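A.B. asks: predicted structure and sequence below. I'll ask about it afterward.
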Amino acid sequence: MAEVLLQLNGISKSFPGVKANENISFEINSGEIHALLGENGAGKSTLVKMIYGLMQPDSGNMKLVSENFRPSEPSKARQSGIAMVFQHFSLFDALNVAENIALGMENPPKINDLSQKIETVSKSYGLPLDPKRLVGQLSAGERQRVEIIRCLLQNPKLLIMDEPTSVLTPNEVTTLFETLLRLKKEGKSILYISHKLEEIREICDFATILRNGEKVGSCTPKNTSAKKIGEMMVGKSFSSPSRKNRTFGEELIKVSNLSVHSKDFFGTSLSNINFSVRVGEILGIGGVAGNGQDEFLGALSGETKTSPKTITLLDRHIGHLRPNQRRELGLRAAPEERLGHAAAPAMSLVENTLMTSHSKDVIDKWGIINFKNISTKTSRIVSEFDVRTPTLDNTAASLSGGNLQKFVIGREILEKPKVFVVNQPTWGVDAAAAAFIRQSILNLASQKSAVIVISQDLDELFEICDTFAVLTNGYMSRIYELGHLSSEDVGLLMGGSDLDLDSHAQT
Amino acid sequence: MFGLLLDEFASAFSAIKLIFWDPLFDESFASYARPQLLVKAGPIILIAVGLSIGFKAGIWNIGAEGQYILGAIFGASVALSFYPQESIFIFPAMVLAGALGGFIWGLIPALLKVYFKTNEILVSLMLVYVAENILASVSQGLLRNPDGMGFPGSRNFKDYPSAFNEEIITNSGMHWGVITAFISVILAYFLFLKHQKGYEIRISGEAPKAAYFAGINPSKTIIFCLGTSGLLAGMAGLFEVAGPAGQITISFNSGYGFTAIIVAFLGRLNPIGILLAGLLMALTYIGGEIAQLMLGLPGASIQLLQGMLLFFLLATDIFTNYRLKFRSL
């Protein structure tokens, strides 16, 4: 019988207006891969932040190897043998691997000694990594290795991993799982946070399921059906998005020979991209972030200008037009980064609505802003897209991620664009809001618009898209009818190989 | 011992009274000092309003002093080339020329930034020294008073009625420069309250990437901001040289271009705030002069006060947003 490593007793944590965790108890044994399952917003992150010392529980207690455990800050948790790999990496692009790791250490050894240590550890766990390489040149999977090795160097008893596979290709996932199993064999415990059921059934020994901040159940994933676990996770079923007609009309937007040299030193340049989207069609662009998605959106939104003929919108060449000119013609975009790109953090919602509104009723020919009309517009976004905010004068930064995302999407969709391009529409958004956003994208498509959805979430693309392509290292695959693709096919595409499925290809 | 401390307090208090109160309310100083308040505040406010427009967009024009000097030289040159003809068009022409001079001097860092990505802080600052050398050169050469017996400095505009920037109301200190400063405050207020350009400037400073996404052209914003602040500083220089200073001399400029930076921040980049901060800063100038006279305080001590004002203000900003934390070892 394995001994108990970490024990949680009645942990509760509240934020103003929300109970993030309520009375949560469970145990993690040594040498166990323990899954923490739940939808976005179920309280997983809050819970692990308390274990890692980033927050303290309001009530309840934790025991680490039967000693009371209440870390006041992450360094205390690390001293007790707890390490964490975050979903978003905290690495500096311009430094090399060893330097990045040294930065996160309390008392870093000499860089040469450290490099050697990194090599030893990385080899012994099957995670090859060159300590001298710049982090900016690494793929997402390799960056994650840097974070994992940073943790392993502390020789932890418990490793917390927050959604580790969300940025990985299927092959990288396999490598990661091998490493996790090796760690398990050494008697280390892993707390594995995810909402992907299949993964959890594959490698986890035990699962604790959270919903709305409460523990709703636990199970042995291998012996429980995915459907059963899913039901526990979601509780009430969200109406999954649906649309009425799926008939495609004329070609709305055509991109030919689009090549963009990335201005960002660590960005990905686009090479010779060709595709078109028709009326009523939703094109999904899959692929791991950092493969040219931002550059792709920038080229379509008009932030990056190209030669006129690269992009054709309804027989008009628009490659040379600025974002506001393209908006007037009916091409609108919603970038991934909500704060600072899609919205100005310190400005009010009204002022943020103004960002992408250029019509005559909002700004007259003398450049005078009509704040009454722009407020009306804003309140329409807020009410139709269920943006929860005390007033329209609240700043964008004061909204939660999901609410701001609804605002950003609503702002564009209510203008009824002919073509709408969106990058990561539901990143970090709770399940209800995500379903709502997906539904509104589907509604837009059925109102004779074309939509391009860029997403890392394959489930999302499978749910709402008609056609599908993958962006890998700046190259775009051919476009496939989504109905004909299996997840293995998608994995192959993400690996950069084109499929031999001529019969499915869109011409 | 205690008595000594009390003495110190009393003398500190009387110095503060002398600097901040007496210039306005003490009968022996007020008649001279009150008009000086507007004379000094006018150019500072005019320059600071221009600077604040750029600062809001995150464009740091540190070289208003140079634009001020160039405005004065341009304006004065126009007047001196018409001397001794009299016409009501001469003064407006000087104002336009002054504005143009400052505008051009502000445009240099703008265009260098747009086309060569240079840093506008450095370029605009270095152009101050260039401007100072041009000023020294023209006051000894090109614009030197031919009847001045070889002394450096131009003709005095007090002796040239068409070009002189006279007080509009006698003994008020109110001249055309002060009126222009007030108008600039109102226009800037309106710009940021209601106008698209003001919105574009704010969002460019707030979130440059979002501004670009909104379709705002960063180059145009840079040119507008540096051009406008140069233009206003140039006008301030012209009004000063044609009025209170009276003539182009090697050192007619008195650092208003730098003081205006403090005023812009002290006024929280808000036009109304700048109006009040400009008046306060003018008061410290006058009070400083009186303190120099009456208490024998060194002239630098008032600059020290002005510098500390900015220092503590910036510290306030830091501490409202960040908390000091000592790392436990």
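C.D. replies: Cool, the structure landed.
A.B. asks: quick check on B:Ala277: phi, psi?
C.D. replies: Reported as degrees, to the nearest 10, the phi and psi values for B:Ala277 are phi -60, psi -40.
A.B. asks: did I read that right, A:Glu337 in a helix?
C.D. replies: No - according to DSSP: H, G, I helix; E, B strand; the rest coil, A:Glu337 belongs to no helix; its state is coil.
A.B. asks: residue of chain A closest to chain B, please.
C.D. replies: Of the residues in chain A, the one nearest chain B is A:Asn324, at a distance of 2.9 Å by Cβ to the nearest Cβ. Every residue, glycine included, has its C-beta placed from N, CA and C.
A.B. asks: quick check: mean pLDDT of the strand or helix carrying that residue?
C.D. replies: For A:Asn324, the element it lies in under DSSP states H and E is helix A:323-329. Mean per-residue pLDDT for helix A:323-329: 94.
A.B. asks: neighbours around the nearest residue to A:Val173 once chain neighbours are set aside, how many?
C.D. replies: Closest residue to A:Val173 in three dimensions, ignoring its sequence neighbours and counting by Cβ to Cβ, 6 or more residues apart in numbering or on different chains: A:Thr165, at 5.0 Å. When counting by other Cβ atoms under 10 Å in any protein chain shown, one arrives at 18 neighbours for A:Thr165.
A.B. asks: surely A:Thr165 is in contact with A:Glu199?
C.D. replies: Yes - counting by Cβ atoms under 8 Å, A:Thr165 sits close enough to A:Glu199 to count as a contact (6.1 Å).
A.B. asks: any shared contact partners between those two?
C.D. replies: Common contacts of A:Thr165 and A:Glu199, defined by Cβ atoms under 8 Å, 6 or more residues apart in numbering or on different chains, comprise A:Val173.
A.B. asks: A:Lys117 contacts A:Leu153, correct?
C.D. replies: Yes - counting by Cβ under 8 Å, A:Lys117 sits close enough to A:Leu153 to count as a contact (6.5 Å).
A.B. asks: need the contact list for the residue lying closest to A:Phe420 once chain neighbours are set aside.
C.D. replies: The shortest distance from A:Phe420 to any residue other than its chain neighbours is 4.9 Å, reached at A:Val451 (Cβ to Cβ, 6+ apart). Under the criterion of Cβ under 8 Å, 6+ apart, the contact list for A:Val451 reads A:Val277, A:Glu281, A:Ile282, A:Leu283, A:Val419, A:Phe420, A:Val421, A:Val422, A:Ile441, A:Leu444, A:Ala445.
A.B. asks: now swap in A:Ala94 and tell me
C.D. replies: A:Leu134, A:Val135, A:Gly136.
A.B. asks: from A:Leu129, how far off is it?
C.D. replies: When Cβ to Cβ, to the nearest Å is the yardstick, A:Ala94 and A:Leu129 sit 18 Å from each other.
A.B. asks: distance check, the residue of chain B found nearest chain A against A:Phe385.
C.D. replies: Per Cβ to the nearest Cβ, B:Gly215 is where chain B lies closest to chain A, at 2.9 Å. The span separating B:Gly215 from A:Phe385 equals 23 Å under the rule Cβ to Cβ.
A.B. asks: so A:Val216 lies in a helix, does it not?
C.D. replies: No - with three-state DSSP as the criterion, A:Val216 is assigned strand and is not in a helix.
A.B. asks: can you check the pLDDT for it?
C.D. replies: According to the prediction, A:Val216 has pLDDT 88.
A.B. asks: that one contacts A:Ile229, correct?
C.D. replies: No - the pair A:Val216 / A:Ile229 is not scored as a contact, 10.7 Å apart, by Cβ under 8 Å.
A.B. asks: so these two - more neighbours on which side?
C.D. replies: With other Cβ under 10 Å as the criterion, A:Val216 and A:Ile229 differ in neighbour count, and A:Ile229 comes out ahead with 20 against 16.
A.B. asks: which regions of the chain sit below the pLDDT cut-off?
C.D. replies: Since no chain was named, I'll use chain A. In the predicted model of chain A, residues A:1-2, A:17, A:40-41, A:235-245, A:498-507 satisfy pLDDT under 70.
A.B. asks: that's the wrong chain, I wanted chain B
C.D. replies: Of all residues in chain B, those with pLDDT under 70 make up the ranges B:1, B:327-329.
A.B. asks: for it, which residues are neighbours of chain A?
C.D. replies: Residues of chain B lying close to chain A by Cβ under 8 Å from any Cβ of the partner chain are B:194-197, B:199, B:202-203, B:206-207, B:209-215, B:217.
A.B. asks: hmm, try it at 7 Å
C.D. replies: Those residues of chain B that sit near chain A, judged by Cβ under 7 Å from any Cβ of the partner chain, are B:194-197, B:199, B:203, B:206-207, B:209-210, B:212-215.
A.B. asks: strands of the stretch 101-250 of chain B, start to end?
C.D. replies: Counting by DSSP state E, counting those that start in this stretch, one finds no strands in the stretch 101-250 of chain B.
A.B. asks: need the residues of chain A near chain B, please.
C.D. replies: Counting by Cβ under 7 Å from any Cβ, the residues of chain A lying close to chain B are A:301, A:303, A:322-324, A:335, A:340-347, A:351, A:354-356, A:363, A:367-369.
A.B. asks: now, which of those lie within helices?
C.D. replies: The helices, defined by DSSP state H, take in A:Ser301, A:Pro323, A:Asn324, A:Glu351, A:Leu354, A:Met355 from the residues of chain A next to chain B.
A.B. asks: of those, which pair is most distant in space?
C.D. replies: For those, the maximum inter-member distance is 19.6 Å, found between A:Ser301 and A:Glu351 (Cβ to Cβ).
A.B. asks: what would the contacts of A:Val451 look like in JSON lines with distance to A:Met161, secondary structure and neighbour count?
C.D. replies: Written out in JSON lines, the entries for the contacts of A:Val451 read as follows (distance: Cβ to Cβ, whole Å; DSSP: H, G, I helix; E, B strand; the rest coil; neighbours: other Cβ atoms under 10 Å in any protein chain shown):
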{"residue": "A:Val277", "distance to A:Met161": "37", "secondary structure": "strand", "neighbour count": "24"}
{"residue": "A:Glu281", "distance to A:Met161": "37", "secondary structure": "coil", "neighbour count": "24"}
{"residue": "A:Ile282", "distance to A:Met161": "32", "secondary structure": "strand", "neighbour count": "27"}
{"residue": "A:Leu283", "distance to A:Met161": "32", "secondary structure": "strand", "neighbour count": "25"}
{"residue": "A:Val419", "distance to A:Met161": "38", "secondary structure": "strand", "neighbour count": "22"}
{"residue": "A:Phe420", "distance to A:Met161": "34", "secondary structure": "strand", "neighbour count": "25"}
{"residue": "A:Val421", "distance to A:Met161": "32", "secondary structure": "strand", "neighbour count": "25"}
{"residue": "A:Val422", "distance to A:Met161": "28", "secondary structure": "strand", "neighbour count": "26"}
{"residue": "A:Ile441", "distance to A:Met161": "30", "secondary structure": "helix", "neighbour count": "24"}
{"residue": "A:Leu444", "distance to A:Met161": "36", "secondary structure": "helix", "neighbour count": "23"}
{"residue": "A:Ala445", "distance to A:Met161": "36", "secondary structure": "helix", "neighbour count": "26"}
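A.B. asks: kind regards, and thank you for your time.
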